[in-house]
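>>> output the structure for:
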Amino acid sequence: MIDSRAAVITAFNEPLEIQRIQLPELDGMAMLVRIDASTLCGTDVHRWEGGLSSDSVPYITGHEPCGFIEVMNAPRTDILGSPLKVGDRIVWSYVSCGHCYFCMVALQPCLCRGRASWGHNRSDRSPYLLGSVSEYMYVPVECQIVKVPENVSSATAAAASCAYRTVMHAFDRLGAIKAHETVLIQGSGPLGIFASALAREQGAKKVLLTGAPEGRLAMAWKMGVDDVLNIDLVDDASERVKWVKDHTEGRGADVVIQAATNGAIPEGLKMLRDGGRFVSVGVGGKAVVAVEGLPGEMTMYTVRSGEPRHWLQAINFLSSRADRYPFEEMISARYELEQVNEAMSAMSSFSVVKAAIYPHGVHSIPGH
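Numbers count the residues shown, from 1 in each chain. Presented below is the predicted three-dimensional model:
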């Protein structure tokens, strides 16, 4: 084995190419993982479309991997201190420097200026394989490793490597949800749908969701929401705000989770009760928020990415609640590596909830 087939973006807004990328040298405790499944994220689509100015081609797309340890040249442990071995199925965290102000003093490693992530790193420079839509992927020494339990499929675990761990981070910032509180979620993508299950598990009195299209709303119902509003059918923002007020005795939601686009923030703030809590989860887009008209008192958080513990929390949640929520149905489309352009288009058009790509072939046995 001297190289890895991978889906490479060579030009923005152009079809991805399947290329053979050389394998990196493994220094110290760095590992090589055989990718079992990689899910796609809205960020992958934005990067493909050229939405992030820092990106340069060529690079391997994808930052949501799950796979089996293929090569490790030195002993290594997972995030809980358990020994790792070749063949273990894992997910792994991003890398922070560990010694800057944000890492050591503020204890906010997501803001580390030396932070490294995947799915936008040039594939013509060592270590080459830092994108997950590839047969193999390089795992740096600094990553924290989380083993994947048997009852969590590789595709679902891969989704935990981005959307789900970011939601875990958001709920950490929010704190406890009280039994009398109503949670409103803006957005019916993977972030919003997973947040629905978490809000329900944390004891919310009522969970509301606004979003579209209908297929994604159907998935939200399965995750335990009490009511949904299809925004494709209600164009007037004031009517959407009224819908929330009507469900909350005129007050507005106690908690609003923005999981759609930053452009939804102004509307979401109008749906929040005085004194409520608002969290905007790491998605793109721009908005201008007028100070006039904000709730009389409020707490607002913005969240992006996650800390290593959030990868662990997401995997544990998927495993411990596997019999309560249809997490597997979130993976609404499965593709071979050669179908990556079809998968990206499906994510771009919102025709699927979550697309999974299997670089070594789509599995015939669910759960593996």
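
>>> can we go C-alpha only for contacts and neighbour counts from here?
Noted.

>>> what's the burial count for residue 297?
10 (other Cα atoms under 10 Å).

>>> I figured it hits residue 276, correct?
Yes: counting by Cα atoms under 8 Å, residue 276 is a contact partner of residue 297 at 7.2 Å.

>>> which residues are in contact with residue 274?
251, 252, 295, 296, 297, 298 (Cα atoms under 8 Å, 6 or more residues apart in numbering).

>>> quick one: secondary structure of it?
strand (DSSP: H, G, I helix; E, B strand; the rest coil).

>>> thinking residue 56 is in contact with residue 125, fair?
No: judged on Cα under 8 Å, residue 56 makes no contact with residue 125 at a distance of 11.8 Å.

>>> so which of the two has more stuff around it?
residue 56 (16 against 12).

>>> what's that one sitting at in phi/psi?
phi -140, psi 150 (degrees, to the nearest 10).

>>> now swap in the one 10 residues further on and tell me
Torsion angles at residue 66 (phi, psi; degrees, to the nearest 10) stand at phi -140, psi 130.

>>> for it, list each beta-bridge partner.
residue 37 (DSSP bridges).

>>> what separation do you get for it and residue 37?
6 Å (Cα to Cα, to the nearest Å).

>>> quickly list what's touching both of the two.
154, 155, 158.

>>> number of nearby residues for the second one?
A count of nearby residues for residue 155, using other Cα under 10 Å, gives 29.

>>> swap in the first one?
By other Cα under 10 Å, the residues close to residue 154 number 29.

>>> with residue 279 instead?
For residue 279, using other Cα under 10 Å, the count is 23.

>>> pretty sure it sits in a strand.
Yes: counting by three-state DSSP, residue 279 is part of a strand.

>>> list the beta-bridge partners for it.
residue 257, residue 301.

>>> out of the shared contacts of residue 66 and residue 37, which one sits closest to residue 186?
Nearest to residue 186 among the shared contacts of residue 66 and residue 37 is residue 158, at 23.2 Å by Cα to Cα.

>>> the closest one should be in a strand, yeah?
No: Residue 158: not assigned to a strand; according to three-state DSSP it is helix.

>>> closest to residue 214 among the shared contacts of residue 66 and residue 37?
Nearest to residue 214 among the shared contacts of residue 66 and residue 37, with distances taken as Cα to Cα, is residue 155, at 23.0 Å.

>>> list the buried residues of stretch 217-230.
Buried residues in stretch 217-230, counted by 16 or more other Cα atoms under 10 Å: 217, 219, 220, 221, 222, 223, 224, 225, 228, 229, 230.
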